[in-house]
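# next come a sequence and a model predicted from it.
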Number of protein chains: 2
Amino acid sequence: MATDTVERRGRARRGHGDELRDEILRAAETLLVESGDERAVSMRAIAAAVGCTPPSLYLHFADKDELILAICNARWAEFNEMLDRGGDISDDPVESLRERGRAYIKFGMENPEHYRLLMMTKTDDPLEDIADLQKQGAVAFQHLIGAVSRCIESGAFRSMDPYMAAIVVWAALHGFTSLFVTAPNFPWPDLDETIEALLDSHLKGFAAG
Amino acid sequence: MATDTVERRGRARRGHGDELRDEILRAAETLLVESGDERAVSMRAIAAAVGCTPPSLYLHFADKDELILAICNARWAEFNEMLDRGGDISDDPVESLRERGRAYIKFGMENPEHYRLLMMTKTDDPLEDIADLQKQGAVAFQHLIGAVSRCIESGAFRSMDPYMAAIVVWAALHGFTSLFVTAPNFPWPDLDETIEALLDSHLKGFAAG
DNA sequence: ATCGTTAACCTAACGAGGTTCACTTAACGC
DNA sequence: GCGTTAAGTGAACCTCGTTAGGTTAACGAT
């Protein structure tokens, strides 16, 4: 746990106190990604990386949870963007859903620590605190419902409740992604193949007829 | 965080030092279930609940991780038993797989904290430490592969790699369970219905023809 | 130039957590 | 009774999140 203390950053000019906030977020994220371990992201380690003292963090975040939440918010935006880009690849509704699924799993596998924070951390914080987070998650889910709905409307999928179907798809994507993130050393078969099998089976299960 | 200090337990008789080990595990498990929060399970809280001092815990467990691991091991045994009981309900392979799935989700929903520990905690401990745990998880997985294989052999499922298919089923079951455990306040549709939809879609996806 | 105000920080400390080390106490065989 | 030793303490160390209160430097006004 090499607490890399960096030289002290100079004081910000008046009216520019918010600059510290960004530096904190960047440092925390770097710490998270490089260590790959949430426990390495301590308030003290963040402060050391930024070049300030721990109490200074509290000028911008009420507590550690809020700091972590801020990181998550930023990542959700990126996540959503990736998913939508995936969904936009094809005009065919089923192929579009498939690409959305690929993008989902890809994001999780490439950003395991973020995925863990976003999707695998229990949130029993009061609802106001995580309103933004919920909103962004809800957006992702709404888009997924939309993608499924288009498959149904196009006649490719049998008639079914899109909400329910979206949950089933989400469960499958999240299930594989979170298993992989949790146990990367499991003897997974070829990953691309697995992903396709997973998507195949669902799309067949939903197919009309 | 009412650190319920219980009256001090008497010293065990000579040769019966291991009795403390069981008391520790029971106390830790009670603490985990009643608080529903992993953070409430501190070494100090466990010791207080047992009626001994924190250092005494280290007579039986090398560190906290090992203690938690021991709880997991006990629960895996129970989990596996539940799954197999579910699988034994029917002679029809597909229905048997379905019951196995129901049992899986049921266990997770009824034991959220245990499920979180068993299936959602990253294990980058050296492999020796978690060998038992891996073994028990592997047993569960082998049984699942068996259940899927019987579906294929019976002709109910199309010809496919059972290993791959088992992973797909596992991902779906784990996906729903872990989502529920992580966000119990999400507006889930009727749970039984969701479970059936989830299983239906997969079984249809695997169906022969 | 310098002074007062105040935004932007820091020092020191608290309590809780995991863990360790040196020490004590009580159960048993003799 | 008496030594041996299994079975346990007590006090401390270090890290962590967090807070209360003090300090300092950037700026506008004079």
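That came through, no problem.
# only C-alpha atoms for contact and neighbour calcs from this point on.
OK.
# residue A:166 against residue A:145, yeah?
Yes: at 5.3 Å, residue A:166 counts as touching residue A:145 under the criterion of C-alpha atoms under 8 Å.
# so where is chain A shaky, pLDDT-wise?
A:1-3, A:123-131, A:133, A:209 (pLDDT under 70).
# residues from it in reach of DNA strand D?
A:10-14, A:40-45, A:54-55, A:58, A:62-65 (C-alpha under 7 Å from any atom of the strand).
# show me which of these are buried.
Buried members of the residues of chain A next to DNA strand D, counted by 16 or more other C-alpha atoms under 10 Å in any protein chain shown: A:40-45, A:54.
# so which of these belong to helices?
A:43-45, A:54 (DSSP state H).
# so which of these reach DNA strand C?
Counting by C-alpha under 7 Å from any atom of the strand, the members of those near DNA strand C are residue A:54.
# which of the ones in helices among the buried ones among the residues of chain A next to DNA strand D lies closest to DNA strand D?
residue A:43 (3.6 Å; C-alpha to the nearest atom of the strand).
# what's the nearest residue to that closest one if we skip its chain neighbours?
Using C-alpha to C-alpha, 6 or more residues apart in numbering or on different chains and skipping the chain neighbours, the partner closest in space to residue A:43 is residue A:54 (6.1 Å).
# check residue A:176 too.
The nearest residue in space to residue A:176 (C-alpha to C-alpha, 6+ apart) is residue B:171, at 4.7 Å.
# quickly find the element holding the one you found.
Assessed by DSSP states H and E, residue B:171 sits inside helix B:162-182.
# the next helix-or-strand element following that helix vs chain A: in contact?
On the C-terminal side of helix B:162-182, the closest following helix or strand by DSSP H and E is helix B:191-206. Yes: interface with chain A: helix B:191-206 contributes B:194, B:197-198, B:200-206 (C-alpha under 8 Å from any C-alpha of the partner chain).
# pull stretch A:187-195 out as CSV, backbone CA atoms only.
C-alpha atoms of stretch A:187-195 as CSV (Å, rounded to 0.1, in the frame of the first residue of the first chain):
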residue,chain,number,x,y,z
PRO,A,187,-12.3,-21.5,-16.3
TRP,A,188,-14.6,-19.6,-18.6
PRO,A,189,-14.9,-21.0,-22.1
ASP,A,190,-14.0,-18.7,-24.9
LEU,A,191,-15.5,-15.4,-23.9
ASP,A,192,-16.8,-14.3,-27.3
GLU,A,193,-18.3,-17.6,-27.9
THR,A,194,-20.0,-17.5,-24.5
ILE,A,195,-21.4,-14.1,-25.1
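# for it, which positions count as buried?
A:194-195.
# and if you look at stretch A:15-31?
Buried residues in stretch A:15-31, counted by 16+ other C-alpha under 10 Å: A:20-21, A:23-29, A:31.
# wait, which of these is closest to residue B:155?
residue A:29 (50.7 Å; C-alpha to C-alpha).
# contact partners of stretch A:46-53?
For stretch A:46-53, the external contacting residues (C-alpha atoms under 8 Å, 6 or more residues apart in numbering or on different chains) are A:3-9, A:23-24, A:27-28, A:31, A:44, A:54, A:56-57.
# with stretch A:88-107 instead?
Contacts for stretch A:88-107 (C-alpha under 8 Å, 6+ apart): A:79, A:82-87, A:115, A:144, A:147-148, A:150-151, A:154, A:156, A:173-174, A:176-177, A:195, A:199, A:203.
# among those residues, the buried ones, what's the PyMOL command?
Entered in PyMOL, the line below selects the buried ones among the contacts of stretch A:88-107, by 16+ other C-alpha under 10 Å:
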select buried, chain A and resi 79+82+83+84+86+87+115+144+147+148+150+151+156+173+174+176+177+195+199+203
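# out of the contacts of stretch A:88-107, which touch DNA strand C?
Near DNA strand C, by the rule C-alpha under 7 Å from any atom of the strand, you find none of the contacts of stretch A:88-107.
# would you say residue A:49 is within a strand?
No: applying DSSP: H, G, I helix; E, B strand; the rest coil, one finds residue A:49 to be helix, outside a strand.
# next one: it from residue A:61, what distance?
As judged by C-alpha to C-alpha, to the nearest Å, residue A:49 and residue A:61 stand 17 Å apart.
# and residue A:34, by the same measure?
Where residue A:61 is concerned, residue A:34 sits at a distance of 22 Å (C-alpha to C-alpha).
# so which of the two has more stuff around it?
Counted by other C-alpha atoms under 10 Å in any protein chain shown, residue A:34 and residue A:61 do not tie: residue A:61 has more neighbours, with 16 against 11.
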